[in-house]
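**Student:** coords please:
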Amino acid sequence: MMKRQLDQIENFISISKEQTEEINKLGWSNLKQYTTLEETKRYIEEHRKPTLSYEEALRQVQLESNF
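**Tutor:** Residues are numbered from 1 along each chain as shown. Next comes the predicted model:
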């Protein structure tokens, strides 16, 4: 049983290496983009939908449920 597990792990590592090599051949390694926490927060704030008031939310629910 342990032999089979080791074989599976070895196979997984081999496949992972092959996939990484293929990605690097395609030039995708340059696509990595790291962001800071501040950049992430700024992105969220810029793309966040405006907060609805109770009346607006109620109106939207009524329209969607055909009241």
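
**Student:** CA atoms for contacts and neighbours, from now on please.
**Tutor:** Noted.

**Student:** start to end distance for stretch 18-37?
**Tutor:** By CA to CA, to the nearest Å, the extent of stretch 18-37 from end to end equals 32 Å.

**Student:** gap between it and the chain center?
**Tutor:** For stretch 18-37, the separation from the chain centroid amounts to 15 Å (computed by CA atoms, centre = their mean, to the nearest Å).

**Student:** now the helices: where do they sit in this structure?
**Tutor:** For the chain, helices defined by DSSP state H occupy the ranges 2-25, 37-47, 54-64.

**Student:** dump those to TSV, plus mean neighbour count and mean pLDDT.
**Tutor:** Compiled in TSV, the helices of the chain are given as follows (neighbours: other CA atoms under 10 Å; pLDDT from 0 to 100):
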stretch	mean neighbour count	mean pLDDT
helix 2-25	11	92
helix 37-47	10	93
helix 54-64	11	93
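
**Student:** where does residue 31 land on pLDDT?
**Tutor:** If you check residue 31, the pLDDT there is 63.

**Student:** over to the one 5 residues further on?
**Tutor:** On pLDDT, residue 36 comes in at 92.

**Student:** residue 12 versus residue 6, what's the distance?
**Tutor:** Residue 6 sits at a distance of 10 Å from residue 12 (criterion: CA to CA).

**Student:** same deal with residue 52?
**Tutor:** With the distance defined as CA to CA, residue 52 ends up 49 Å from residue 12.

**Student:** ok, now residue 59?
**Tutor:** For residue 59, the distance to residue 12 - CA to CA - is 53 Å.

**Student:** ditto for residue 66
**Tutor:** Applying CA to CA, the value for residue 66 to residue 12 is 53 Å.

**Student:** same deal with residue 37?
**Tutor:** Distance, residue 37 to residue 12, by CA to CA: 33 Å.

**Student:** before we move on, what about residue 42?
**Tutor:** Look at residue 42 and residue 12: by CA to CA, they are 38 Å apart.
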